[in-house]
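Engineer: sharing a sequence plus its predicted fold:
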Amino acid sequence: MTDIIIQGIYGRMGRTLLEKIAARTDCRVVAGVDCKDGQVGEIPVFDSFEKLPCGSVLIDFSSPAGAVAAAAYGAAKQLPCVICSTGLAPGQEDALRAASTKTPVFRSANMSLGINVLIELAKQATRTLGTEFDIEIIEKHHHNKLDAPSGTALMIADAINTEAEGRYEYVYDRTQVRRKRGVQELGISAVRGGGIVGEHEVLFCGPDETLTLRHSAGSRGVFADGAIQAALYLAGQEPGYYTMTDLLRGKLPCAE
């Protein structure tokens, strides 16, 4: 039995995690961290990490600052951390890597297993199609999302660019220039509207054919399921920085 602490337990993802974990027999929620002390059912919630009881893994769905604080606490207490918050600045990402030298830290901007399979397929397509195809990414989210482009879109772009040895330049807006598309461009477009949970498309556009990789999240449950799998995986790991590639290894040949 893995004991889980949820940071951001009052939020939408916190509630989704509670529902998902309640249906399982291999883990349970023992406490939460959020803006004020309280209780969710029988689960105690604290406004400070210092008030927490012992736990096996901490799952963070809060904010960039909250993610860094969670990782720092995890490093101090040797508590593994699954960091799911989005919108982190480069320095904040560096703080997570620093914490991973003392405790296991699992980091992904999107906890969906499906989107991470898409990323592995995009990397394989990049290797295969090389410079002969233009690459564009389109992401769509609900009208309340604060950051654009999404952390997932950037995660896809970074994976492609790493595979391409950094040859691409990200282009977010073409309205201010009148010129044809450059061969080193990787376009990223954002759509915001309604209650779209999350949709991502990667287009590989050749002279006479287009390959489209697409993922659509039907509910927030897919992110909770991925976070739970990451927590169970992380509970038995040594200190280090882990990603979905580590979790998928052994399940997906191209992730080896």
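Structural biologist: Thanks, I have the structure now.

Engineer: residue ranges of the helices in the stretch 51-200 of the chain, please?
Structural biologist: Residue ranges of the helices in the stretch 51-200 of the chain, as given by DSSP state H, counting those that start in this stretch, are 64-77, 90-99, 113-129, 151-163.

Engineer: wait, which of those is closest to E136?
Structural biologist: helix 151-163 (10.2 Å; C-beta to C-beta). Heads up, the C-betas are built off the backbone N, CA and C, glycines and all.

Engineer: from the chain's centre, how far out does that closest one sit?
Structural biologist: Put simply, helix 151-163 sits 12 Å off its chain's centre (C-alpha atoms, centre = their mean, to the nearest Å).

Engineer: for stretch 74-93, same thing?
Structural biologist: On C-alpha atoms, centre = their mean, the centre of stretch 74-93 falls 12 Å from that of its chain.

Engineer: can you list the buried residues in it?
Structural biologist: By neighbour count on 16 or more other C-beta atoms under 10 Å, the buried set for stretch 74-93 is 74-75, 77, 79-86, 88, 92-93.

Engineer: which parts of the stretch 1-150 of the chain are strands?
Structural biologist: 2-7, 27-33, 38-40, 43-46, 57-60, 81-83, 104-107, 134-141 (DSSP state E, counting those that start in this stretch).

Engineer: show me where pLDDT drops low in the stretch 151-256 of the chain?
Structural biologist: In the predicted model, the stretch 151-256 of the chain carries pLDDT under 70 at residues 250-256.

Engineer: ok, which stretches of it are strands?
Structural biologist: Going by DSSP E, counting those that start in this stretch, the stretch 151-256 of the chain shows strands at 169-171, 185-192, 199-205, 210-216, 240-242.

Engineer: shouldn't E163 be in contact with A125?
Structural biologist: No: using C-beta atoms under 8 Å, E163 is not in contact with A125; the gap is 9.1 Å.

Engineer: circling back to that earlier point, okay, the helices of the stretch 51-200 of the chain in a markdown table with distance to Q184 next?
Structural biologist: A markdown table is the format used below for the helices of the stretch 51-200 of the chain (distance: least, C-beta to C-beta, whole Å):
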| stretch | distance to Q184 |
| --- | --- |
| helix 64-77 | 30 |
| helix 90-99 | 22 |
| helix 113-129 | 14 |
| helix 151-163 | 10 |
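
Engineer: residues contacting V57?
Structural biologist: If you count contacts by C-beta atoms under 8 Å, 6 or more residues apart in numbering, V57 has them with 2-5, 79-82, 231-232, 234-235.

Engineer: what's the spacing between D47 and H141?
Structural biologist: Remark: distance between D47 and H141 (C-beta to C-beta, to the nearest Å) = 29 Å.

Engineer: higher neighbour count, the two?
Structural biologist: H141 (25 against 12; other C-beta atoms under 10 Å).
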